[in-house]
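Visitor: below is the sequence, then the predicted model.
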Protein chains: 2
Amino acid sequence: MVFRTSETLSQEINRLIEWLGSIGYTENGGVTRLLYSSSWLEAQTAVKKKMEEMGLSSRFDDVGNVFGRLEGTEERERVILVGSHIDTVVDGGKYDGAFGVLAAMIAAEQLYLQYGAPKKTIETVSLCEEEGSRFHLAFWGSGSITGRYHLSDASQVTDAENVTLEDAMHEVGFGTGTYPSAKREDIACFLETHIEQGQILESEKISWAAVSHIVGMKRMTIHLTGTSNHAGTTPMDRRRDSLYAASQMIADVIGNAKKQKNGLVATVGQLSLLPNVGNVIPGTCVFSLDVRHHEYDVLNQFCRDEIETFKSIARQEGIDIEIKTWLDDSPVRMDPMMTQRHLELAQEAGISFKKMVSGAGHDSQIFGVYCPTAMMFVPSHNGVSHSPKEFTKTEDLETGVRMLMKILYQMAY
Amino acid sequence: MVFRTSETLSQEINRLIEWLGSIGYTENGGVTRLLYSSSWLEAQTAVKKKMEEMGLSSRFDDVGNVFGRLEGTEERERVILVGSHIDTVVDGGKYDGAFGVLAAMIAAEQLYLQYGAPKKTIETVSLCEEEGSRFHLAFWGSGSITGRYHLSDASQVTDAENVTLEDAMHEVGFGTGTYPSAKREDIACFLETHIEQGQILESEKISWAAVSHIVGMKRMTIHLTGTSNHAGTTPMDRRRDSLYAASQMIADVIGNAKKQKNGLVATVGQLSLLPNVGNVIPGTCVFSLDVRHHEYDVLNQFCRDEIETFKSIARQEGIDIEIKTWLDDSPVRMDPMMTQRHLELAQEAGISFKKMVSGAGHDSQIFGVYCPTAMMFVPSHNGVSHSPKEFTKTEDLETGVRMLMKILYQMAY
């Protein structure tokens, strides 16, 4: 392999991971780059410059996505788009999204250094937003490219301080027509490499995976209303205890999810009580429910059955119930032919690999309904993500980049 | 009846309720008088002055209790103490504690106007603190009189701003020996009239009750530790979901309490999760448990059985559990002879009445282990207390005062 310096591939990967991880670095040792914040702007500007340094011709679009183009000698109308997202959660890690952005840039740079220009145009991308960690909207980057979102959606969405997405966008110079609009019609396919954010690969001692599906996901808020009352003076048969009802519902849905044994997962991650005082019967309980499976029928049926059970428990306890399903994403199947070819390349490469479902949402699910899409995982140590403790071994990062190079070489050269 | 003005008893009661309720009045229409705050000082000072105007000879003690003495012609060594507490919760009502303070003052005043001096000395009391709403300590007033607490305890206890009880006390001129020390050896018995803070009297259309017991109470904090993890990528059989374990425990304890049908009450009023985010399995869950019953064996056995069940659920779910019992108050029986006499007086008076257990803690439980004590309830509209909506009908307030007059007449004249 020819290197621009005397650095190995591993060294280049780690250097760039550390470099990007220092932008938005927090006291807790994590990374915080929220959409349109100053650390976000610093990162995208730096990535754009780095793309140029690495031989890619870079540009912004009007929502702040950054592209790095490697012009093809034969196909220029449509591009092979490869990358991931630049934003993070609060106090996230250095790898989530960032590794995919850098892996694409390194792979394109290395292919060019080794083989010259590709036949088919490759564009790397640093997508502006995926996490939904600042505004109540996720996948603003991929959604804008594919037409799921329009600029006009930006005025409808606010952050915790009531700043609209639109104002935040304008404040850093986007959304005003300075750059080309985000929507593209010229994407032939999308490829994404990402950390697994789970423990399956590490615990099975496997170094790489091709993703078959991104799970469908339903997210609900269940709002229960009973009556707050004195814990001492209210007899048990005169109570409308919202937490007692909620406990029965939560025990039921989690217990049933455990029995499914078909990959379905269900989580109640958030719960709040009012007034939330030890000597007052809680009159109000609000909790979240997050259910995921890669087959929509399975997901849908499970949720319908649980909702019926919840309503039945509420009736029995004399509690008022309101269930809002605020997210209902169908599973997205990755392109089967691309996925199959990637598994064959992994076989040839002699690495340990598997095919698996992604339990987390990714930009690949947004692209996957728009163009042929393929996604690849590298292991996460202890499955930790969204944390300063997020980590992937260098050899696995290198495997990820090398596989991406093999795949792009097969597709574009 | 002879009145000092042309005011009826009802009018006097309501006038004084409104008068006292205006001290510490909040924007929400409630009352906030936290121990040693400026509204607290204003109230105790005003009550002391009012006692003098009403013919009682008043004084402070060194923790800020206020006494109004009606000297007896025969018995002066020991006193019949009657009253309640002046402090409130944040945004409380006008009746909780306040009615008991005023009922005692009005009863003493009216008895003197009608019958002159009693044979036995009567002292009304406005106890400085009962609620535990500012410092992590309740019954500072009654506890100091009976010797449960000593002045030296005050340096050990802080409020939410880390001010010690001692410093707060000194700041308003107490605890420095200016006034007689709180501990008393001359109390023959204690009587307290209070609002029920429950719905039993109102729903049964009963206007007055004699309290037989103040419940025993155990309060616990249950701390569960599992593992926080990604809601999408963590298979169901690899989870340590603290909320799933908690839900089973809560459903069990409340369900079992409902089955007891012996007056036992159990409440989980407070629950918090970490990280409390919809797409993260909650690794930590902390919840409160409050259990009450008027027989210690029943209370104790129930709690022991539930703790065993909680540990068993924790084991089954692979969750670490820590249970802290931070309050363990034995039930306190009111003096049976006094209680019986009061029921007979109610019978003679031709009012609707019953004997009942108090599910809430009161100063009477502190006095009850120190001297013969009796407590009386008047109804609470809708059982509401600790709220601006706290309310008792005038006719019930009047019944309360008249019954107290009858009782004091029988005991002291």
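Guide: On my side now, so go ahead.

Visitor: let me see the contact set for A:Ala209.
Guide: A:Glu196, A:Leu201, A:Phe353, A:Lys354, A:Lys355, A:Met356, A:Met376, A:Phe377 (CB atoms under 8 Å, 6 or more residues apart in numbering or on different chains). C-betas here are computed from N, CA, C, even on glycine.

Visitor: let's see 6 Å
Guide: A:Lys354, A:Met356, A:Phe377 (CB atoms under 6 Å, 6 or more residues apart in numbering or on different chains).

Visitor: CSV please, covering those and showing distance to A:Glu295 and pLDDT.
Guide: Formatted as CSV, those follow (distance: CB to CB, whole Å; pLDDT from 0 to 100):
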residue, distance to A:Glu295, pLDDT
A:Lys354, 19, 98
A:Met356, 15, 97
A:Phe377, 20, 98
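
Visitor: now that we have the residues you listed, which one has the most neighbours?
Guide: A:Phe377 (30 neighbours; other CB atoms under 10 Å in any protein chain shown).

Visitor: quick one: that residue from chain B, how far?
Guide: 10 Å (CB to the nearest CB, to the nearest Å).

Visitor: picking that back up, from the contacts of A:Ala209, pick the one nearest B:Ala346.
Guide: Nearest to B:Ala346 among the contacts of A:Ala209: A:Met356, at 75.0 Å, using CB to CB.

Visitor: how close does the residue lying closest to that closest one once chain neighbours are set aside sit to B:Thr146?
Guide: Spatial nearest neighbour of A:Met356, excluding adjacent residues (CB to CB, 6 or more residues apart in numbering or on different chains): A:Ala209 at 4.9 Å. Distance of A:Ala209 to B:Thr146, given as CB to CB, to the nearest Å: 70 Å.

Visitor: same deal with A:Glu348?
Guide: From A:Glu348 to B:Thr146 the distance is 85 Å (CB to CB).

Visitor: quick one: which of these two has more around it?
Guide: B:Thr146 (21 against 9).

Visitor: and that one, what is it in contact with?
Guide: Contacts of B:Thr146 (CB under 6 Å, 6+ apart): B:Ile366, B:Tyr370.

Visitor: per-residue pLDDT, it?
Guide: According to the prediction, B:Thr146 has pLDDT 98.

Visitor: again, but for A:Val2
Guide: pLDDT at A:Val2 comes out at 52.

Visitor: what about A:Glu196, how many residues close to it?
Guide: Using other CB under 10 Å: A:Glu196 sits among 28 other residues.

Visitor: ditto for the one 10 residues further on
Guide: For A:Ile206, the number of neighbouring residues by other CB under 10 Å comes to 18.

Visitor: state the distance from the residue lying closest to A:Arg15 once chain neighbours are set aside to A:Glu398.
Guide: Once flanking residues are discounted, A:Arg15 sits nearest to A:Glu7: 7.1 Å by CB to CB, 6+ apart. Using CB to CB, one gets 12 Å for the distance from A:Glu7 to A:Glu398.

Visitor: let me know the pLDDT of whichever residue of the stretch 301-413 of chain A sits closest to chain B.
Guide: Relative to chain B, the nearest point of the stretch 301-413 of chain A is A:Gly359 (3.5 Å; CB to the nearest CB). Looking at A:Gly359, its pLDDT stands at 96.

Visitor: what's it in contact with, if anything?
Guide: Contacts for A:Gly359 (CB under 6 Å, 6+ apart) come out as A:Val215, A:Arg292, B:Gly232, B:Thr233.

Visitor: on the pLDDT front, check the closest residue in space to the last one that isn't next to it in sequence for me.
Guide: In space, and not counting its chain neighbours, B:Thr233 is closest to A:Gly198: 3.0 Å by CB to CB, 6+ apart. Per-residue pLDDT puts A:Gly198 at 94.

Visitor: ok, back up a step: pick out whichever of A:Glu7 and A:Glu398 has more residues nearby.
Guide: Neighbour comparison, A:Glu7 and A:Glu398: the larger count goes to A:Glu398, with 21 against 12 (by other CB under 10 Å).

Visitor: in a helix, the more buried one, correct?
Guide: Yes - according to DSSP: H, G, I helix; E, B strand; the rest coil, A:Glu398 belongs to a helix.

Visitor: what does the stretch 151-300 of chain A put close to chain B?
Guide: A:197-198, A:230-233, A:236, A:243-244, A:247-248, A:250-251, A:254, A:257-258, A:265, A:267-271, A:273, A:276-282, A:288, A:290, A:292 (CB under 6 Å from any CB of the partner chain).

Visitor: bridge partners for A:Arg320, pull those for me.
Guide: Wrong residue type there; residue A:320 is Asp, not Arg. A:Thr225 (DSSP bridges).

Visitor: that one contacts A:Thr225, correct?
Guide: Yes - between A:Asp320 and A:Thr225 a contact is recorded at 4.2 Å, counting by CB atoms under 6 Å.

Visitor: so between the two, which is more surrounded?
Guide: A:Thr225 (18 against 14).

Visitor: do you know the pLDDT at that one?
Guide: 98.

Visitor: so how far is A:Ile366 from it?
Guide: The value you get for A:Thr225 to A:Ile366, if CB to CB is used, is 36 Å.

Visitor: isn't there a helix covering A:Met169?
Guide: Yes - under three-state DSSP, A:Met169 sits within a helix.

Visitor: how about the contacts made by A:His194?
Guide: A:His194 is in contact with A:Ser84, A:Gly100, counting by CB under 6 Å, 6+ apart.

Visitor: SS state for it?
Guide: Under three-state DSSP, the three-state class of A:His194 is strand.

Visitor: and A:Asp290, by the same measure?
Guide: What three-state DSSP gives for A:Asp290 is strand.

Visitor: for A:Ile250, which residues are in contact?
Guide: Contacts of A:Ile250 (CB under 6 Å, 6+ apart): A:Val268, B:Ser247.

Visitor: backbone phi and psi for it, please?
Guide: phi -70, psi -40 (degrees, to the nearest 10).

Visitor: tell me the buried residues in stretch A:24-39?
Guide: Neighbour-count burial for stretch A:24-39, counted by 16 or more other CB atoms under 10 Å in any protein chain shown, picks out A:Gly24, A:Gly30, A:Val31, A:Thr32, A:Arg33, A:Leu34, A:Leu35, A:Tyr36, A:Ser37, A:Ser39.

Visitor: quick check: the two most widely separated of those?
Guide: It's A:Gly30 and A:Tyr36 that sit farthest apart of those, by CB to CB, at 19.2 Å.

Visitor: now do the helices in chain A.
Guide: A:9-21, A:38-53, A:98-115, A:140-146, A:165-171, A:200-203, A:242-260, A:296-317, A:336-349, A:363-368, A:394-412 (DSSP state H).

Visitor: elements contacting the last one?
Guide: Helices and strands touching helix A:394-412, as assessed by 3 or more CB pairs under 6 Å, 6 or more residues apart in numbering or on different chains; DSSP states H and E, comprise helix A:9-21, helix A:98-115.

Visitor: just how off-centre is the first one within its chain?
Guide: Its chain's C-alpha centre and that of helix A:9-21 lie 21 Å apart, by CA atoms, centre = their mean, to the nearest Å.

Visitor: which helices and strands does that helix pack with?
Guide: helix A:394-412.

Visitor: 8 Å instead?
Guide: With contacts taken as 3 or more CB pairs under 8 Å, 6 or more residues apart in numbering or on different chains; DSSP states H and E, helix A:9-21 sits against helix A:38-53, helix A:98-115, helix A:394-412.

Visitor: which residues in the stretch 51-200 of chain A form strands?
Guide: Counting by DSSP state E, counting those that start in this stretch, the stretch 51-200 of chain A has strands at residues A:57-60, A:66-70, A:75-85, A:120-127, A:187-195.

Visitor: who's in contact with the fourth one?
Guide: When you say that, I think you mean strand A:120-127. Residues outside strand A:120-127 that contact it (CB under 8 Å, 6+ apart): A:44, A:47-48, A:51, A:56, A:65-72, A:74-76, A:78-86, A:97, A:101, A:104-105, A:108, A:111, A:141-142, A:145, A:188, A:363, A:408, A:411-412.

Visitor: again, only using 7 Å
Guide: Strand A:120-127 is touched from outside by A:44, A:47, A:51, A:56, A:65-72, A:74-76, A:79-86, A:101, A:104-105, A:108, A:141-142, A:363, A:408, A:411-412, with contacts defined as CB atoms under 7 Å, 6 or more residues apart in numbering or on different chains.

Visitor: alright, I will stop here.
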